[in-house]
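return atomic coordinates for the entry below.
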Amino acid sequence: MVAELCITSNFTFLTGASHPEEYMRRAALDGLEAIAIADDNSVAGIVRAHTEARDIARRVRERQRFDSDHGLIGPPAPQGPPPEKQPASAAIYNVPRLLPAARLVFTDAPPVTALAASREGWASLCRILSKGRLRAEKGKCLLGLADLFEHSAGLQLILHPDRQALRDRRGSEGCGGGWARHMPRLTRRFAGQMHLALTPRYDGQDEMHFRRLAELADRLDLPLLASAAPRLHHGRRRRLADVLSAIRTGKRIDVLGRDALVNAECRLRSPAEMRRLFRDHPQALDNISDLLAKLDFSLDSLRYEYPSEVAENETASQRLSRLAHEGLRWRYPYGAPDRVKAMLAHELALIAKLKYEPYFLTVRDIVQFARSRDILCQGRGSAANSVVCYCLGVTSVSPEIGTMVFERFVSEARDEPPDIDVDFEHERREEVIQWIYDRYGRHRAGLCATVVHYRGKRAIREVGRAMGLSEDTISALSSQLWGFFSTDAVQDERLREIGLDPEDRRLKQTMALVHEIIGFPRHLSQHVGGFIVTDGRLDELVPIENATMEDRTVICWDKDDIDSLGILKVDVLSLGMLTCIRKAFDLMAQHHGKHYSLATLPQEDPAVYDMLCKADSIGVFQVESRAQMNFLPRMKPRNFYDLVIEVAIIRPGPIQGDMVHPYIRRRNGEEPVSFPSDALGEVLGKTMGVPLFQEQAMQIAIIGAGFSPEEADRLRRSLATFKKHGSVSEFHDRFMRGMKANGYDEEFAARCFSQIEGFGSYGFPESHAASFALLVYASAWIKCHYPGLFACALLNSQPMGFYAPAQIVRDAREHGVEVRPVSVNESYWDNVLEPDGRGGWALRLGFRQIRAVREEDAAWITAARGNGYACVEDVWRRAGVSPPVLVRLAEADAFGDLRLSRREALWQARAIRSEKPLPLFAGDIDGEGIVEPAAHLPEMSEGEEVVEDYVAMRLTLRRHPVALLRHLLTPEAAE
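Numbers count the residues shown, from 1 in each chain. Presented below is the predicted three-dimensional model:
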């Protein structure tokens, strides 16, 4: 048996030049028995190789079933080097084992590849990596040999000696002075558990190199183990590997020197190549078989255990049932409909069967904590829009909206974990995150990672610099980004348009490398809010590391990885509109005595829909963009489900899939609503025959094209990752054949697939659209009935949305709201409502609107003003704010209430030079203060005032700037 146990993938960032999936596919084609992805101090790429191995196994089973059904005999696994490119349909009958491993790089010893031989070994590896990463800043790992001594149970080790060790001929006591003192202890401690790697250098002197390694192995009494130590899955990646090294070292490719690969030989080798490469050391190959017999761990054997969530001797199932039925009585005080009761019973039964009760309880407890702290939250997505979540208070969307099926989210057939996203106020989400850490402990909870991949602009910028292109050329290439990812003809045309020669050798090489690096992982970042919580130690399931943000820890796997392993996550997300709505509810209670929540707002208010039909939606959640404002008068929403469609349809996917115009024509009666079959009519009936939601895309594939649920789920996943992988098109032929076999014409099938493909990663599930539609209605209702209050809450929640404060203030004034300027005697940090003297409320702008004024300074000003300030110096003396703050207040015209113009206030503010007056100038020799004669400052014009308003606050309460120039823009002025 031949295997490769020391592979470096591109998750050793900017070093490895091949994806883990590519190694797995190549190993399958070459007929290798097993491979180990062993990245430097990381297991971040292992799950991707594991997922690919499972996919290869599925394809092998399908191919074997096909051959068996047709009486065919499959070819043997290929021997020797395969051709450079295998066709997508190439037969694979070998499924290599994936051996989880990592290359541990120590500060006081040579590197060691650690392979998990058992579940205990995997836990040891994760604990070692967690220790090293938690003691270092994000992206780094500090490991010492003592860490390996402490956590080595269940590991098999491969030692990689450095050059210093090989140069030393004095024996084990003197080998490689930097680590000589550890060698006797290391070899004694791991006797029978460690091999020495026999790896080539590909420099023409490997025979001598192998002899030295064999001598060192004899001295250390370690068995040799053959490895090609690949950094590439195929030799054609050599150029990209050098570019990655240039990016990593900050050099140009021309001067890379020893950091460049000598040749393209450090690639994954077939069994025949391995035997030829190590023909003089057959025992090193035989030792691979011995080691493989000791390695009995697979990621499939990971058993993720969710916290039990048992409380007060009540099982999770009993607790969930009790809370759900209590919530049913709360949601339906006059009795729940029979349909809802039946749905609740069905959902509870399915959740119990799949043992997901703890997951739903965790989400409920998080939401309950937020509500106990008066933090507004709203669940959405997947299982959130269910009767159970509605009764638990996770979501305020009634399950009677639309026709969403619970099995779409929690499916026994698909055996995939549910997915609940909960949005919290963006200003207070950190309270929720820290509560989760405190409740479960940092050894049991962590945030997911997000793999940052090379995309267009970054790829052009970094590859271009490595290739020595000028900054002007790189900027020009970036400006024409989209044209470079079409056909070669379009790319050449774009290059000529910006004055570049597409035939230039270096430019052609650069563009080829840019295309090649797209999709490569660049580094790990923090997921926006996906939490993993475990019953036992999380750091024995996956390594934990520090995030960039203080007091946060993350794991190294992203959401696709944990989905593949069946690990549950809770998405704790932030949403600015929730902050705005919560502040609006507080203002309503304070000034109008009305207490509302998302669930108790008056429903289906005609006035709200009238306002939206007029596209009066500045600041309204999700429908404030120009595209939405143009669409609203055509859509004419009159009920909640219209808002669900409104949210889903104006998105890049439906627009690219040509779904908008057909829907509007059918809604307005301009064309008939027709369905190609009764079966598809049931799927598309509520959207007038136009697929708008991901669920509909899946149902079209199942009903129309005969996809199995598993295939449809793979289609859904490809939709969710289209931007990264672009894999939707892989389903085209299968879809077209299936539609044709079921009697649908080719034009209709092509149009359906085009619409599905247009979704990309922008396709909206109906459940998400329904949750967002509730916030659309809530924000629109507040704006409709309390425009001043809505503007106040919106300004206090900035930054958010499409519109700057100037546009929000102008819109409020157009709705009849009196807006008053910032005043040192009347304003607070936040914008507030104050009586307008006519029985209504005026909006008083707060200090937060002034550029570079801190909340702390505003607090001192408001705390010290008592009955009001008399002059600029009075503010300085009583509030203790610094002179620069007084200057900013004066620039914002905040002293207007003191009968001081902007220039007069600035004059006084700039006269204050220190915290206390110097003794010499405290008074004259007669005891009287020095009286400075009054300065006669010229008045500012209205235009100057407007300009200064925008400089200081980004808004003005004076006339619009264009109004001052209107007389110059008339036809008469032009003449």
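
just the endpoints, please. Distance across stretch 132-143?
For stretch 132-143, the first-to-last residue distance is 5 Å (Cα to Cα, to the nearest Å).

buried ones in that stretch, by neighbour count?
Residues of stretch 132-143 classed as buried by neighbour count (16 or more other Cβ atoms under 10 Å): 132-134, 138, 141-143. Glycine gets a C-beta too; all of them are placed from N, C-alpha and C.

also stretch 865-875?
865, 869, 872, 875.

re earlier: which two among the buried residues of stretch 132-143 are spaced furthest apart?
Comparing all pairs in the buried residues of stretch 132-143 by Cβ to Cβ, the longest separation belongs to K138 and L143, at 15.9 Å.

check which element follows the worst-scoring helix or strand of the chain on mean pLDDT along the chain.
The helix or strand of the chain with the lowest confidence, counting by mean pLDDT, DSSP states H and E, is helix 722-725 at a mean of 45. Moving toward the C-terminus from helix 722-725, the next helix or strand (DSSP states H and E) is helix 732-741.

what helices and strands are in contact with that following helix?
When contacts are defined as 3 or more Cβ pairs under 8 Å, 6 or more residues apart in numbering; DSSP states H and E, helix 732-741 sits against helix 746-759.

which strands and helices lie in contact with the next helix or strand after the helix it packs on?
Using DSSP H and E, the next helix or strand after helix 746-759 towards the C-terminus is helix 766-785. The contact analysis (3+ Cβ pairs under 8 Å, 6+ apart) places helix 766-785 against strand 377-380, helix 576-592, helix 606-613, helix 640-649, helix 787-796.

give the contact list for S475.
Residues counted as contacts of S475 (Cβ atoms under 8 Å, 6 or more residues apart in numbering): none.

that one sits in which helix or strand?
Assigned by DSSP H and E, S475 belongs to helix 471-479.

now that helix: mean pLDDT?
In this model, helix 471-479 carries a mean pLDDT of 89.

report the buried residues of that helix.
Going by neighbour count (16+ other Cβ under 10 Å), the buried part of helix 471-479 is 473-474, 476-478.

could you dump those residues to JSON lines with distance to A852?
Below are the buried residues of helix 471-479 laid out as JSON lines (distance: Cβ to Cβ, whole Å):
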{"residue": "T473", "distance to A852": "38"}
{"residue": "I474", "distance to A852": "34"}
{"residue": "A476", "distance to A852": "36"}
{"residue": "L477", "distance to A852": "37"}
{"residue": "S478", "distance to A852": "32"}
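
which of these lies closest to R119?
Nearest to R119 among the buried residues of helix 471-479 is S478, at 47.8 Å by Cβ to Cβ.

test my guess that that closest one contacts R461.
Yes. Taking Cβ atoms under 8 Å as the definition, S478 is a contact partner of R461 at 6.7 Å.

quick revisit: to F13, which of the helices and strands packed on helix 766-785 lies closest?
Of all the helices and strands packed on helix 766-785, helix 576-592 comes closest under Cβ to Cβ, at 32.4 Å.

okay, now D492: neighbour count?
Applying other Cβ atoms under 10 Å, we find 18 other residues in the vicinity of D492.

so it makes contact with L500?
No. Contact criterion Cβ under 8 Å: D492 and L500 do not qualify, at 9.6 Å.

closest one of the buried residues of stretch 132-143 to R667?
K138 (50.1 Å).

name the residues that touch the helix ranked longest in the chain?
Counting by DSSP state H, the longest helix found in the chain is helix 46-69. Applying Cβ under 8 Å, 6+ apart, the external contacts of helix 46-69 come out as 9, 19-21, 23-25, 28, 35, 37, 72-74, 91-98, 100-101, 298-300, 557, 560-562, 564-565.

now, those that are in helices?
20-21, 23-25, 28, 560-562, 564.

let's verify M800: helix, strand, or coil?
coil (DSSP: H, G, I helix; E, B strand; the rest coil).

now it: how far from A806?
15 Å (Cβ to Cβ, to the nearest Å).

out of the two, which sits in the busier spot?
More neighbours surround A806 than the other of M800 and A806, with 18 against 15 (other Cβ under 10 Å).

wait, that one sits on T956?
Yes. Taking contacts as Cβ under 8 Å, A806 lies within contact range of T956: 7.2 Å.

overlap of the contact sets of those two?
Common neighbours of A806 and T956 (criterion: Cβ under 8 Å, 6+ apart): Y950.

quick check: the farthest pair among the buried residues of stretch 865-875?
Of all pairs in the buried residues of stretch 865-875, the most separated under Cβ to Cβ is R865 and V872 at 12.9 Å.

want to throw the buried residues of stretch 132-143 into a markdown table with secondary structure, distance to K355 and pLDDT?
Below are the buried residues of stretch 132-143 laid out as a markdown table (DSSP: H, G, I helix; E, B strand; the rest coil; distance: Cβ to Cβ, whole Å; pLDDT from 0 to 100):
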| residue | secondary structure | distance to K355 | pLDDT |
| --- | --- | --- | --- |
| G132 | helix | 35 | 95 |
| R133 | helix | 32 | 94 |
| L134 | helix | 32 | 93 |
| K138 | coil | 35 | 89 |
| C141 | coil | 36 | 94 |
| L142 | coil | 40 | 95 |
| L143 | strand | 37 | 94 |
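
what would the residues you listed look like in CSV with distance to E747?
Shown next, in CSV, are the buried residues of stretch 132-143 (distance: Cβ to Cβ, whole Å):
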residue, distance to E747
G132, 59
R133, 55
L134, 59
K138, 52
C141, 56
L142, 62
L143, 61
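
assign a three-state SS to Y306, would you?
Under three-state DSSP, Y306 falls in the coil class.

which residues touch it?
Shown in contact with Y306 (Cβ under 8 Å, 6+ apart): 358-359, 362, 533-535, 568.

at 10 Å what do you get?
Applying Cβ atoms under 10 Å, 6 or more residues apart in numbering to Y306 gives the contacts 316, 355-359, 361-362, 417, 532-535, 567-568.
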